[in-house]
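In: need the 3D shape of this:
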Amino acid sequence: MSNNAKGSTQSASAAKDAATFGRLPLLPSEREYDTRGAHTTNFAYAIATWCFLTGGYVAQYVGAVQGMVCIIAGTLIGVFITTMPLALGCQKYGLEQMDFCTPSFGTKGIKILLLFYLINMLGWSGLILVMFGNGLRNIMGTLGFNPGEWIVGGGVALGLWLSYLIVTRGVHLLNIATSIITPCLALVIAFMFYVLFRNYGWEQIAAAPPLDPGPDPLKNYLICVELGIAGGISWFGGIGFLARNTQKRRNAIYPELIQLGFIMGVVCSIGLFSALVIQTEDPTEWMVPLGGVYVGLLALVFVALANITSTAVSIFASGLAIRHVDQFRNTAWWKLMLVLIIPCVPFVFWPSELYDLGDAFLAYNGTMYGPICGILFADYIFLRKQKYNLWAIFEDHPGGAYYYTRGVNWLAIGSLVLGQAIYIMLYNPGSGETHDLFFYINPSIAATLVPAFVYTFGMKLLGRADRTKTAAERKRLKKNQTRGARIAVPNI
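Out: Okay, the predicted model is just below:
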């Protein structure tokens, strides 16, 4: 091979690594997921254990019929809210979700979002790993051992190590892992579903009372709808990552809606039914009683493996997002992964205490991602007409089209805070208190629509809706679609 050819190959490899492990937009040729890969990966996420856990939370408030309606309707609504802006924009431009937020929030304003984003992604990682630890404890208990509570924290530590091994080797390994684990886990879950109905029957499942309902049946029902919507919206971080890696637009939309919306709702319903008849919300505690020793153990093993891949995706996406912080912009990927694992360490020492806050954490996601999704959708669809200046997203100086005031679009930040305030007013996930209006409008939907309207009206009033439409910017946008120009993007 000639020196020029070698140099070209090395340059292409370096560019792909910079895109995969950094902030550079992914070209279509660099994306991992075709139609099959997109459906398989989304399905793998949809049947992760935290989806079972959501069903367990719903089982506290309502029975099987109401719960199933709440969950499936809620997850479909929530996934639709977060999919529309991210799947369209991230797939088109190959951007990770935090960069996609730049035109709306400003080149420095997205760092405010980054804090909330990392809390969400790493919080879910910790909860999933606690479930992994619970699974290990139940596996050992089934085999006749009694290791004590320390095994849960040990399982979290083991899960962090395994996730680190995966994320330091790129998206391709994740794709391979999910393509192997997903079919096996799907078969096991289908068998568990069969055993559930064989042992108990629909009449007994439907008649099972909720675990810990409140005094107001309507309020219980509406809270469960909100848990479903918040669960769907919680895919904000994952959907941007998945859409960025899909080769066609339809692969960034339909797999998310079908798998993360509908199939997730079905899987949550399995967790709901099982929690009602076994009387425990922890999915790792009903698999062995439901499926027997051998099938239960097999289910625990595959669910544990799915938890590891889900955690790996969360940490990987967090690594891409934290590149926005100047100190980590050029940090080696393996070092960056170590930095992100540190916030998950408390789950090693206090797994049960943090795990018990899961339902409040789930609702918290609605307070944050609902307003963000509303703002992103309004900006991308109605204000920018699905046309962003790709170069300007990476221009962090006062002359940039998305710099705004000292790098922050305070209108977007204000709209976000307004959405959060509306959500908390309608439903406080910490205390469980609700406003009278909670019975007429869902908190997540209100927190999505109101900021979207305020942001759209404000941007038009301030004359900022068309900032990327100058002739010079259109010319530069066209120029910088090539490989060489993409590599030359400044401040990445």
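In: check what pLDDT residue 213 gets.
Out: Residue 213 is assigned 92 on the pLDDT scale.
In: quick one, phi psi at it?
Out: Dihedral pair for residue 213: phi -80, psi 160, per degrees, to the nearest 10.
In: so how many other residues sit close to residue 422?
Out: The number of residues packed near residue 422 is 23, by other Cβ atoms under 10 Å. Quick note: C-beta positions are derived from backbone N, CA and C, even for glycine.
In: ok so it is a helix residue?
Out: Yes. The assignment for residue 422 is a helix, going by DSSP: H, G, I helix; E, B strand; the rest coil.
In: next up, the contacts around it.
Out: Residues counted as contacts of residue 422 (Cβ atoms under 8 Å, 6 or more residues apart in numbering) are 443, 446, 447, 450.
In: likewise residue 88?
Out: Residue 88 sits in contact with 249, 252, 253, 380, 381, 386, where contact means Cβ under 8 Å, 6+ apart.
In: now, of the residues you listed, which are buried?
Out: Burial by neighbour count, 16 or more other Cβ atoms under 10 Å: within the contacts of residue 88 this picks out 252, 253, 380, 381.
In: looking at the chain, which helix or strand is least sure?
Out: helix 483-487 (a mean of 39; mean pLDDT, DSSP states H and E).
In: quick one, helices of the stretch 251-400 of the chain?
Out: 264-278, 283-321, 333-341, 346-349, 351-355, 358-377, 390-393 (DSSP state H, counting those that start in this stretch).
In: quick check on residue 33: phi, psi?
Out: phi -100, psi 120.
In: ok, it touching residue 246?
Out: Yes. Under the criterion of Cβ atoms under 8 Å, residue 33 makes contact with residue 246 at 4.7 Å.
In: settle it for me: which of these two has more neighbours?
Out: Comparing residue 33 with residue 246 by other Cβ under 10 Å, the one with more neighbours is residue 246, at 28 against 23.
In: OK, contacts around that one?
Out: Residue 246 sits next to 31, 33, 38, 91, 252 when contact means Cβ under 8 Å, 6+ apart.
In: buried set for the helix or strand that residue 139 is a member of?
Out: Element membership of residue 139 [criterion: DSSP states H and E] is helix 110-142. Neighbour-count burial for helix 110-142, counted by 16+ other Cβ under 10 Å, picks out 110-114, 116-118, 120-139, 142.
In: chain center to that helix, what's the gap?
Out: Distance, stretch centre to chain centre, for helix 110-142: 12 Å (Cα atoms, centre = their mean, to the nearest Å).
In: contact partners for the residue nearest to residue 349 when sequence neighbours are not counted?
Out: Spatial nearest neighbour of residue 349, excluding adjacent residues (Cβ to Cβ, 6 or more residues apart in numbering): residue 153 at 6.1 Å. Under the criterion of Cβ under 8 Å, 6+ apart, the contact list for residue 153 reads 133, 347, 348, 349, 351.
In: and the gap between residue 295 and residue 133?
Out: Counting by Cβ to Cβ, to the nearest Å, the gap from residue 295 to residue 133 is 21 Å.
In: pretty sure residue 322 sits against residue 340.
Out: Yes. Here residue 322 reaches residue 340: they are 6.8 Å apart, a contact under Cβ under 8 Å.
In: which residues do these two both contact?
Out: residue 118.
In: between the two, who's got more neighbours?
Out: residue 340 (24 against 20).
In: need the pLDDT of that one.
Out: Reported pLDDT for residue 340: 87.
In: with residue 62 instead?
Out: pLDDT, residue 62: 95.
In: which stretches of the stretch 51-200 of the chain form helices?
Out: 64-93, 97-100, 102-105, 110-142, 150-167, 171-207.
In: okay, the angle between the fourth one and helix 150-167?
Out: When axes from the mean of the first three to the mean of the last three Cα atoms, to 10 degrees is applied, the directions of helix 110-142 and helix 150-167 differ by 130 degrees.
In: ditto for the last one
Out: With the same axes, to 10 degrees as the criterion, the two stretches helix 171-207 and helix 150-167 enclose an angle of 140 degrees.
In: shaky segments in the stretch 251-400 of the chain?
Out: By pLDDT under 70, the low-scoring segments of the stretch 251-400 of the chain are 284, 359.
In: before we move on, the earlier item: mind checking which of the helices of the stretch 51-200 of the chain is nearest residue 222?
Out: helix 64-93 (8.5 Å; Cβ to Cβ).
In: tell me the pLDDT at the residue nearest the centre of the chain?
Out: Taking Cα atoms, centre = their mean, the centroid of the chain lies closest to residue 235, which sits 2.8 Å from it. Listed pLDDT for residue 235 reads 84.
In: that one contacts residue 79, correct?
Out: Yes. Here residue 235 lies in contact with residue 79, judged by Cβ under 8 Å, at a distance of 6.0 Å.
In: find the residues that touch each one of the two.
Out: With Cβ under 8 Å, 6+ apart as the test, residue 235 and residue 79 both reach 256, 260.
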